[in-house]
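Here you go, sequence then predicted model.
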Amino acid sequence: MRTKTLYRRDGARIGICRFPNFHKSGSIAGMKSLYYGKNALLIRCGSWIYNVSGEPEIYYNLAH
C-alpha cells in the first residue's frame, strides 16, 4: 500500500491533526478495507498515518 510523506512542520502548518489517523505500526490495508475505502489518500506525518481524502490537494500538492 502506498502512502506519501509530509514533514512535521508542514503538518503543523496545515493542521493535519484534524484528520482521522492511526499509528504507523497499524495495517494500511486493514484500515482501507474496514474504514476508509480502497481509494483513500493516506499521508504519513511523524509516527501517524492520516486520511486526507477530504482535502486531496494536500496529498497531491504538499506531500512527497
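Arrived safely.

what about this protein, any weak spots by pLDDT?
Residue ranges of the chain with pLDDT under 70: 1.

Doesn't R9 belong to a helix?
Yes. Under DSSP: H, G, I helix; E, B strand; the rest coil, R9 falls within a helix.

Tell me, how many residues neighbour it?
Look at R9: counted by other C-beta atoms under 10 Å, it has 8 neighbours. Placement of C-beta: from N, CA and C, glycine included.

again with W48
W48, neighbours per other C-beta under 10 Å, totals 16.

As a quick check, tell me the outermost residue of this structure.
L34 (15.7 Å; C-alpha atoms, centre = their mean).

Now do that one against A40, distance only.
Applying C-beta to C-beta, to the nearest Å, the value for L34 to A40 is 11 Å.

Where does the closest residue to T5 other than its chain neighbours sit, in terms of helix or strand?
Among residues not flanking T5 along the chain, R44 sits closest, at 5.2 Å (C-beta to C-beta, 6 or more residues apart in numbering). For R44, the element it lies in under DSSP states H and E is strand 42-45.
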